[in-house]
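J.: Need the 3D shape of this:
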Amino acid sequence: MQAIMTWGEKHLASEIAEIHSVINAAACDVNRWIDVAHSLQTMLPGSKILFQVAGKENTTVHQVVHSGFSDQTIKYYGDHYWRINPWTKGVYEMNMSSFKSASQLYPDGLLRKTEFFADLLNPERECDQATALKFAAHKDRYALLAVHHDSRHHEHMHARSQALLGTLVPALRTALEVNRLTNPLFHLPGGRGLIDQLVDAAFVVDEDCRLLASNAAANELLAGAGLMLVRAHDVVQINDAEANAAFARLVRNSCSLGNGRARLNDLIFNSASGSHVVTCVPVAIDQTNTLPAGLLSVFVPRTVALVILRPRASEDPSVVIENLRLHFGLTKAEARLILEFERGGTLSEIAERLGVARSTVQTHIKAIFAKTGTSKQRDVVTLVTRHRASGNLFSVDGF
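T.: Coordinates of the predicted model:
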């Protein structure tokens, strides 16, 4: 026999459906979390609602979303009282999706002796107890929902809060994750992203070269799949194995600069369409700077790489020869010979192009080997290419 819902059950089901709609709206707009707080307070009469992000070490105060507290109390909390919040340690040790009362987090008798209670909670009135829910976490940060209420009605309020919030945990966590996935990586006045303002092809990639964002020039380049392309799992690659390996190292290095690594110089590589320069700029992503709701601060900021690809200007042979001469201590004839190495060919063919005897080329080669510490033509070309890619060869600063 089918059970018949009472009026109270129907009303509760309607309220839960309504707050799910509000949570779904917050998933699409992080500024709507304040509406979630207001809705919860309405469904839990006599309560004051607080969403907050906290961390294991409690070294940073994150913005809170609240309903029922005075703005002055929240300001005081942000200025000072978060540092001495006696509940913080207990909340951090809670299991995910679990509920605890404030007295389980910190003894009531001790709480009433603290500055936190006397100067912050007590003046607010009727919020000396709370039901805490830990509903999301990322690394050492967690998202907390606290329903504050009068200790005289704690048993009833704690039971009602658990019954209601227990149905909302998946929706709350999902909404926060959607916020993270849809939040723009960069935002500048006027609504345009940073990379959209760049003329050259620009990508944002993570440490594994996974594509996070790209501008119009980059999209056109990737669509052609000639110079660069997107492989499985959205991994951006250069269409040359050696150049791509160097590209992957450059990106990893840029994304881990916080680990004490020195930044690499631009990568230069050649293709059928010409020579290209890859610049990789590390960017620390903090997705909470422009978000008054602050809940996205549960996601620990990370470093990604802004990759800019541009054509390399044609080199003046006379400038290249002069830089080779200065860097390796070569004569102009020896430096000119290295450029011919890059063009390829046998010694006889190179001698013919230079208009000198083969024996003269052999004499220059011995001198080049001695001055560059190499023993093969191939090694000379590799050495010069590496210097060119590192940006060291063609800079005369310091000489």
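J.: Dump stretch 142-153 to CSV, restricted to CA.
T.: Output of stretch 142-153 as CSV, limited to C-alpha atoms (Å, rounded to 0.1, in the frame of the first residue of the first chain):
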residue,chain,number,x,y,z
TYR,A,142,38.1,22.5,3.7
ALA,A,143,34.7,24.1,3.2
LEU,A,144,32.5,24.3,6.3
LEU,A,145,28.8,25.1,6.8
ALA,A,146,27.9,26.1,10.4
VAL,A,147,24.3,26.5,11.6
HIS,A,148,24.6,28.6,14.7
HIS,A,149,21.7,28.7,17.2
ASP,A,150,20.8,29.2,20.9
SER,A,151,22.1,26.5,23.2
ARG,A,152,18.7,26.4,24.9
HIS,A,153,17.3,24.8,21.7
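J.: buried ones in that stretch?
T.: 142-149, 151 (16 or more other Cβ atoms under 10 Å). (Glycine included, C-beta is placed from N, CA and C.)
J.: So which of those is the closest to residue 198?
T.: Among the buried residues of stretch 142-153, residue 143 lies closest to residue 198 (Cβ to Cβ), at 34.5 Å.
J.: can you list the weak-confidence ranges in the stretch 1-150 of the chain?
T.: Applying pLDDT under 70 to the stretch 1-150 of the chain picks out residues 1-12, 57-63.
J.: Repeat the analysis, applying 50 as the threshold.
T.: Along the stretch 1-150 of the chain, the parts satisfying pLDDT under 50 run over 1-2.
J.: Which stretches in it count as helices?
T.: Per DSSP state H, counting those that start in this stretch, the stretch 1-150 of the chain carries helices over the ranges 7-28, 33-43, 71-79, 88-92, 102-105, 108-111, 115-116, 122-124.
J.: wait, which of these is closest to residue 172?
T.: Closest of the helices of the stretch 1-150 of the chain to residue 172 is helix 7-28, at 6.3 Å (criterion: Cβ to Cβ).
J.: Return the residues in contact with the nearest residue to residue 153 once chain neighbours are set aside.
T.: Of all residues not flanking residue 153 in the chain, residue 46 sits nearest, at 6.5 Å (Cβ to Cβ, 6 or more residues apart in numbering). Contacts for residue 46 (Cβ atoms under 8 Å, 6 or more residues apart in numbering) come out as 126, 149-150, 153, 157.
J.: Distance to residue 211 added to those, as TSV?
T.: Formatted as TSV, these follow (distance: Cβ to Cβ, whole Å):
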residue	distance to residue 211
126	52
149	48
150	52
153	53
157	48
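J.: Residue 85 and residue 130, how far apart?
T.: In this view, residue 85 and residue 130 are 11 Å apart by Cβ to Cβ, to the nearest Å.
J.: out of those two, which sits in the more crowded spot?
T.: Counted by other Cβ atoms under 10 Å, residue 85 and residue 130 do not tie: residue 130 has more neighbours, with 25 against 19.
J.: does the more buried one really touch residue 148, like I thought?
T.: Yes: if you go by Cβ atoms under 8 Å, residue 130 and residue 148 touch, sitting 4.5 Å apart.
J.: For the residue nearest to residue 153, grab phi and psi.
T.: Phi and psi for residue 46, reported as degrees, to the nearest 10, are phi 90, psi 10.
J.: Okay, it and residue 164: tell me how far apart.
T.: As judged by Cβ to Cβ, residue 46 and residue 164 stand 13 Å apart.
J.: Phi and psi next, for residue 278.
T.: The phi/psi pair for residue 278 (degrees, to the nearest 10) reads phi -110, psi 120.
J.: That one against residue 269, yeah?
T.: Yes: under the criterion of Cβ under 8 Å, residue 278 makes contact with residue 269 at 7.3 Å.
J.: just the strands in the stretch 51-200 of the chain please.
T.: Under the criterion DSSP state E, counting those that start in this stretch, the stretch 51-200 of the chain carries strands at the ranges 64-67, 99-101, 129-138, 141-149.
J.: Packing partners of the longest one?
T.: When you say that, I think you mean strand 129-138. Packed against strand 129-138 by the contact rule (3 or more Cβ pairs under 8 Å, 6 or more residues apart in numbering; DSSP states H and E) you find strand 99-101, helix 102-105, strand 141-149, helix 154-165, helix 169-182.
J.: ok, residue 52 - contacts?
T.: For residue 52, the contacting residues are 62, 64-65, 143-144, 146, by Cβ under 8 Å, 6+ apart.
J.: that older thread, the buried residues of stretch 142-153 into TSV, with extra columns for distance to residue 215?
T.: Formatted as TSV, the buried residues of stretch 142-153 follow (distance: Cβ to Cβ, whole Å):
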residue	distance to residue 215
142	35
143	33
144	38
145	38
146	42
147	45
148	47
149	51
151	56
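J.: Next SSE downstream of the host helix or strand of residue 321?
T.: Using DSSP states H and E, the element containing residue 321 is helix 317-328. Counting by DSSP H and E, the next helix or strand C-terminal to helix 317-328 is helix 332-343.
J.: Now do that following helix against helix 317-328, angle only.
T.: Angle, helix 332-343 to helix 317-328, by axes from the mean of the first three to the mean of the last three Cα atoms, to 10 degrees: 110 degrees.
J.: Okay, buried residues for helix 332-343 please.
T.: For helix 332-343, a neighbour-count test (16+ other Cβ under 10 Å) marks 333-338, 340-341 as buried.
J.: Run the chain-centre distance for it.
T.: 45 Å (Cα atoms, centre = their mean, to the nearest Å).
J.: what's it in contact with?
T.: So helix 332-343 is contacted by 317, 320-322, 324-325, 328, 330, 350, 353-354, 361, 364-365, 367-368, 371, 377, 380-381, 384 (Cβ under 8 Å, 6+ apart).
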